[in-house]
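K.L.:
here is a sequence together with a model predicted from it:
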Amino acid sequence: MQIAIHLGAHRTDEDLILRTLQRNSGALDAAGVTVPPPGRARPAIRKAAQSAGSGGLMPDAQNALLAEMLEDGVEPARVILSYEAFLGIYAKVLDGTRMYSDAGRRAALLRNLFPEHDVSFFMAIRNPATFVPAIFEASRIDQLEEFLDGHDLTAMRWSEPIKAIRASCPDVPFTVWCHEDLPLLLPEVLALLSGVEEPMEGADAMAQHVMTDVGFRRMQTYLADNPAATRSTWRKVATAFLGKFADPEAVEPEITTEGWTSEAVAALSEIYEEDVARLQHLPGITFLTP
């Protein structure tokens, strides 16, 4: 069985990928692909992780975990699991000397829950200039200084936890993309996660989010008259309409976090661009770009 695991990260798609896959459950079921309800899958994974040894689950325990996640009688060829907290809770994102300092161990734990199955990882990254304020706002901490706890933001590199995941799970295919590119990449991400090539309903949801209502309606009308035969063609059309009808407030939302300066945004954005360039050439990583 194939197990596709979407690792997050926090505050990227806000479960949009999961909801879109569930929206297309009929087509996925027909293709032998199952997306277990998070209310069933996440507690089952948590319980199994607590009982698993360093070598992973024994065959009977693996079967029990899958049975707990899946509906009775369902034996899919592929299972998709998605949870932004697979690599840790909000309070642990900046815990330690680097971002997601426990990523390698937690990824290995996930992989070892299914040692007899083909596991693959998928993950979005996000510009720390907007990522840090977003996870701070979602945390239970009131003061930014307390949340950062002395963490050196200029040392934040997504390449560090991604390297740690690769080192701990060298046999696991690993696909990464920038959250900022998801409006143009969502159809491809859905196809890669599911293994289903047919277009999915809602695959344009992120494009709609960053486009004006008028622009999105015009794009829908254009595509109704000129159907995109490939995802590449769809991206070209979406890129053209975003060039004319992007919603500035959605593309670059105002950061209202007290103490978060424009200088910090500029510095972290530059570091992020350099890190993305590094990740695009990291061995063992498939890095998606529009």
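P.N.:
Perfect, I can see it now. The structure displayed is predicted, hence computed values, not measured ones.
K.L.:
can you give me the helices for the stretch 1-150 of the chain?
P.N.:
For the stretch 1-150 of the chain, the helices defined by DSSP state H, counting those that start in this stretch cover 16-23, 25-30, 38-51, 59-69, 103-112, 128-138, 144-148.
K.L.:
minimum distance to Asp275: which of those has it?
P.N.:
Evaluated over these, closeness to Asp275 peaks at helix 128-138, with 8.9 Å, by C-beta to C-beta. Just so you know, the C-beta spots here come from the backbone N, C-alpha and C atoms, and that holds for glycine as well.
K.L.:
tell me the mean pLDDT over the closest one?
P.N.:
Taken as a whole, helix 128-138 has a mean pLDDT of 94.
K.L.:
for stretch 256-263, same thing?
P.N.:
For stretch 256-263, mean pLDDT is 89.
K.L.:
next, the buried residues of that stretch.
P.N.:
Neighbour counts over stretch 256-263 (16 or more other C-beta atoms under 10 Å) mark Trp260 as buried.
K.L.:
change the start of the numbering to 723 and stick with it
P.N.:
Yes, from this point I'll number from 723; that puts the last item at stretch 978-985.
K.L.:
what residues does it touch?
P.N.:
Identification of contacts with stretch 978-985 by C-beta atoms under 8 Å, 6 or more residues apart in numbering yields Val854, Pro855, Phe858, Glu859, Leu866, Glu867.
K.L.:
got the end-to-end distance for it?
P.N.:
In stretch 978-985, first residue to last residue: 14 Å (C-alpha to C-alpha, to the nearest Å).
K.L.:
for this structure, identify the residue most remote from the centre.
P.N.:
Asp947 (32.1 Å; C-alpha atoms, centre = their mean).
K.L.:
rewinding a little: distance to Tyr812 and mean neighbour count added to the helices of the stretch 723-872 of the chain, as TSV?
P.N.:
Formatted as TSV, these follow (distance: least, C-beta to C-beta, whole Å; neighbours: other C-beta atoms under 10 Å):
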stretch	distance to Tyr812	mean neighbour count
helix 738-745	18	19
helix 747-752	29	14
helix 760-773	16	15
helix 781-791	24	15
helix 825-834	14	21
helix 850-860	6	21
helix 866-870	9	14
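K.L.:
can I get these in a markdown table including distance to His931?
P.N.:
Output for the helices of the stretch 723-872 of the chain, formatted as a markdown table (distance: least, C-beta to C-beta, whole Å):
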| stretch | distance to His931 |
| --- | --- |
| helix 738-745 | 8 |
| helix 747-752 | 22 |
| helix 760-773 | 21 |
| helix 781-791 | 30 |
| helix 825-834 | 27 |
| helix 850-860 | 14 |
| helix 866-870 | 26 |
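K.L.:
count the residues that sit near Ala726.
P.N.:
23 (other C-beta atoms under 10 Å).
K.L.:
Ser916 is in contact with that one, correct?
P.N.:
Yes - between Ala726 and Ser916 a contact is recorded at 7.5 Å, counting by C-beta atoms under 8 Å.
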